[in-house]
Every structure is written in structure tokens, then in C-alpha cells.
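> Show me how the following folds:
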Amino acid sequence: MSKHGKVLVAMSGGIDSTVTAIMLREQGYEVVGITMKTWDYESSKVNGKETGCCSLDSINDARAIAVEHGIHHFILDIRDEFGDFVIDNFVDEYLAGRTPNPCVLCNTHIKWEALLKRADKLDCEFIATGHYAQRNFNEDNGRHFISRGKDLNKDQSYVLWGLAQKNLARTLFPMGQFHKTQIKQMAVDMGYIDLAKKSESYEICFVPDNDYRQFLRNRVEGLEERVDGGNFVLADGTVLGQHKGYPFYTIGQRKGLEIALGEPMYVTEIHPDSNTVVLGRKEELERNGMWVRKLSLQKYDSIPENMEALTKIRYKDAGAMAHLHQDNDRVKVEFNTKVNAIAPGQSAVFYEGDDVIGGGWIESSFEV
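Next up is the predicted model:
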């Protein structure tokens, strides 16, 4: 009988999930390892070496580490589920002129559900991942919520806002209490020197060469012919030239426009119906309001009236203070200062101090 119970650990073969599994085992948990196969490298049709958490090397690394420490290990094939939901959404969002956030979608709807389903079959009370985040509990209302990890440079709370209460209640985040430098030293002390030196990938797992445009071309037959030759325009409608197709541009983009206008210009709007991409100066990207849809709340069951919260609109965003006005499952966000490049399709996450209030998908921006 284990000291703390049985936990299913998502093992990718990387340093964070490896240290997570070994740490929990040393703390007295009965650890079971699982590695999820989410996609086929061959289906992405890219050149180069197979890399990332779903590569054969990563799966073999995870299994070898588990065997070395006497941890039962399973491989879970969720390629069909992942592809139908995450990849199709990724493509659909770009075709709708938005910028998708596939990691959040995967965490919310695929990985945690798949982990808990298998945890139940294996009689595991908990699941654990190598995310740099902390789970806390609001005793006043009985709700679980995510807080930022101790290492703010590695904090991953932004991608976890969509986790439901039933999922949070059973999730452990051992990495949340440590800095990355500490974890690397732990890996060295455990004998995994190469793992501690291994570089980390920040690419989307199914776009291993980080070229989402080519991924779209490969995924959607005839896409280039359908969208090529649309207009770059100014906000007043003045035509500046032609582009290569609206799905190949994102809000805030400056590089790669391949049009010379004598001054730096940025993508400020995308209109798929007319295959039009609006360009403007940097200040034209600034907005002080936005609507956020499909709200998911953690710390509270509803947002307190006229609450002021730090609001992040992208993963590496420092955040800006804003007043939140909830309207059912939507939130009207009014920033105290103007923010740059609000991109529909990205996540907006609201914080009270280090605690995640909740989040949602950016629907549109506006001027108050």
C-alpha cells in the first residue's frame, strides 16, 4: 500500500515529467507512467528529424526511464481524438481569420480527459504533469484553481485556465514549487546529465518545423489557389498591394509581409470574407477593450461585479490591469491602458495576484 495513493504521471521523456515521476515515487506515491501519442509525424509532411513529445525517441526515452525506476508504463494512442478536435480546430481558426491556441484546447478537452479516463481504469486517485503551475483551493467556496508557478519565467498557468473543477481536484503539479534551475540540478543528481542539457522545444507538437503556413497548405487541398491574390489595404480601404492569402497572416505581424511601404507596417485586421488584410502603423494595433467568449472560471463561480484583474492576452504577455464585466459566458474587458495586438482566437486569462480567476477565447477588440 502506497503512502500517499496511486498517481498516473504523464511522461513525455523530457526533464520535467521525468523528475515529476521520480519525485512522486520518492515521496511515497505509487506511480504509473503514461505517454500519449497525439499525432503522426509523417502526416505533417515536413522535412527533417522527428522531434518533440510524440516522437518515437521521446516515447522510448519515457519507457526506459519508467522501467529503470520500476514504474509501470503505458502508451496511450489518442491520435484520432486529437486530430479530429485539435488539428481541425487549428485549421478552422486560421480559415476564419483568427489565431488559434491549440495547446490550451488540447489541455482542456483532450489530454486531461484522456488521462483521467485511464486513471480511473488503473485505480489512480491522481494524475500529475510536469507543468510549472500550482493548484490551490478556495475554502470559502470549495473551488480548486491554478496559481502561477514559483518560477515566473517558466510559469504555465496561462495554458491551464480551461481545466474543469473535476479535473483540477485530482491533478498534482510538483514542478510548481521549484525553479527550472533546481529541476535541472535534480536531474543531474538523479544521473540524467544529458536530459538536463537537452534543449526545450516551444513549437506546436504537430507543426515540428514551426511553419504553420506550410502545414495549412498540406492540410487543406487547393488552399493556396483559393486565397492567393487578396488585397493589403489601409483602414480607409486604400489598396496597397496583393498578399498570398489571409490565413497566412496574424494580427500584429510585421515581418514577412513582402511589401515595401517606406515605414514599418503591421497586420491590424483580417477579413476572410473578402480575403483582405488590413495594415497600419504600430499605434493602430492598440485597443483598450475586448470581448472574451466561452468563459471558464476557476477561483470563483462567477466574476465579482466590476472586478479589476491582471489580464494576459498571450503566453509571454506581462499582462495589463482591466475591469471585467461578466455577461453569462462572455466577459467585457476594459483595460486601464491600451494594449497591443489583441488577436481573436487567442486566450485571455484573468489573474487575482498569482491566482487564475478564469479565462476564455478572445472574440473581438474595441475602443472604449
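> going forward, measure contacts and count neighbours with C-alpha atoms only.
Will do.
> Could you report the neighbour count for residue 213?
Residue 213 has 15 neighbours, counted by other C-alpha atoms under 10 Å.
> Give me the distance between the residue nearest to the spatial centre of the chain and residue 163.
Residue closest to the average C-alpha location in the chain (C-alpha atoms, centre = their mean): residue 103, at 3.2 Å. Relative to residue 163, residue 103 is positioned 12 Å away (criterion: C-alpha to C-alpha, to the nearest Å).
> Low-confidence stretches in the protein?
Scanning the chain for pLDDT under 70 picks out 1-2, 41-54, 201-202.
> Show me it divided up by domain.
With domains defined by automatic domain parsing, the chain comprises 6-130+173-197, 226-280, 286-366.
> The stretch 151-300 of the chain: strands as residue ranges?
Taking DSSP state E, counting those that start in this stretch to define them, one finds strands in the stretch 151-300 of the chain at 171-172, 231-233, 239-242, 266-271, 276-280, 286-297.
> could you dump those strands to a markdown table with distance to residue 134?
Below are the strands of the stretch 151-300 of the chain laid out as a markdown table (distance: least, C-alpha to C-alpha, whole Å):
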| stretch | distance to residue 134 |
| --- | --- |
| strand 171-172 | 8 |
| strand 231-233 | 44 |
| strand 239-242 | 47 |
| strand 266-271 | 36 |
| strand 276-280 | 40 |
| strand 286-297 | 16 |
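> Relative to residue 253, which of these is closest?
For residue 253, the closest of these is strand 266-271, at 5.3 Å, according to C-alpha to C-alpha.
> The closest one versus strand 286-297: what angle between them?
Here strand 266-271 runs at 60 degrees with respect to strand 286-297, directions being taken by axes from the mean of the first three to the mean of the last three C-alpha atoms, to 10 degrees.
> Check which helices and strands strand 266-271 is in contact with.
The contact analysis (3 or more C-alpha pairs under 8 Å, 6 or more residues apart in numbering; DSSP states H and E) places strand 266-271 against strand 276-280.
> Just want the angle from the strand it packs on to strand 266-271.
Going by the same axes, to 10 degrees, strand 276-280 makes 150 degrees with strand 266-271.
> Let me know the helix or strand that residue 308 is in.
Using DSSP states H and E, residue 308 sits within strand 307-312.
> ugh, wrong one, I meant residue 343
Assigned by DSSP H and E, residue 343 belongs to no helix or strand.
> How many neighbouring residues does it have?
By other C-alpha under 10 Å, neighbour count at residue 343 equals 27.
> so what's it up against?
Counting by C-alpha atoms under 8 Å, 6 or more residues apart in numbering, residue 343 makes contact with 98-99, 250-252, 313, 362, 364.
> What residues of stretch 213-226 count as buried?
214-216, 218-219, 224 (16 or more other C-alpha atoms under 10 Å).
> Closest to residue 68 out of the residues you listed?
When the buried residues of stretch 213-226 are ranked by distance to residue 68 (C-alpha to C-alpha), residue 215 comes first, at 37.4 Å.
> where exactly do the strands run in the stretch 1-150 of the chain?
Secondary structure of the stretch 1-150 of the chain, counting by DSSP E, counting those that start in this stretch: strands at 6-10, 30-37, 72-77, 126-128, 133-138, 143-148.
> which residues touch the first one?
For strand 6-10, the external contacting residues (C-alpha under 8 Å, 6+ apart) are 17, 20-21, 29-36, 115, 119, 123-130.
> ok, now the third one?
Where contact means C-alpha under 8 Å, 6+ apart, the residues beyond strand 72-77 that reach it are 31-38, 59, 63, 66-67.
> rewinding a little: got a list of contacts for the strand holding residue 308?
Applying C-alpha under 8 Å, 6+ apart, the set of residues contacting strand 307-312 from outside is 158, 318-325, 348-353.
> Need the CA coordinates for that strand. PDB is fine.
This file holds the C-alpha atoms of strand 307-312, laid out as PDB (Å, rounded to 0.1, in the frame of the first residue of the first chain):
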ATOM      1  CA  MET A 307     -13.700  43.300 -10.700                       C
ATOM      2  CA  GLU A 308     -10.200  44.600 -11.600                       C
ATOM      3  CA  ALA A 309      -7.800  41.900 -12.600                       C
ATOM      4  CA  LEU A 310      -4.500  41.400 -14.400                       C
ATOM      5  CA  THR A 311      -5.300  40.200 -17.900                       C
ATOM      6  CA  LYS A 312      -3.000  38.300 -20.200                       C
END
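> Who does it pair with, and is each partner parallel or antiparallel?
Partners of strand 307-312 in the sheet, by DSSP bridges, are strand 320-327 (antiparallel), strand 347-352 (antiparallel).
> Okay, and the beta partners of residue 172?
Beta bridges link residue 172 to residue 128 when assigned by DSSP bridges.
> Quick one: residues contacting it.
126-129, 135.
> one more time with 10 Å
Applying C-alpha atoms under 10 Å, 6 or more residues apart in numbering, we find residue 172 in contact with 7-9, 20, 24, 126-131, 133-135.
> returning to that earlier point: can you pick the most crowded of the contacts of residue 343?
Among those, the one with the most neighbours (other C-alpha under 10 Å) is residue 98, at 27 neighbours.
> got the contact list for that residue?
Residues in contact with residue 98, defined by C-alpha under 10 Å, 6+ apart, are 90-92, 246-247, 249-251, 269-272, 343-346, 362-364.
> Okay, residue 248 and residue 93: tell me how far apart.
Applying C-alpha to C-alpha, the value for residue 248 to residue 93 is 12 Å.
> Comparing those two, which residue is more hemmed in?
residue 248 (20 against 17).
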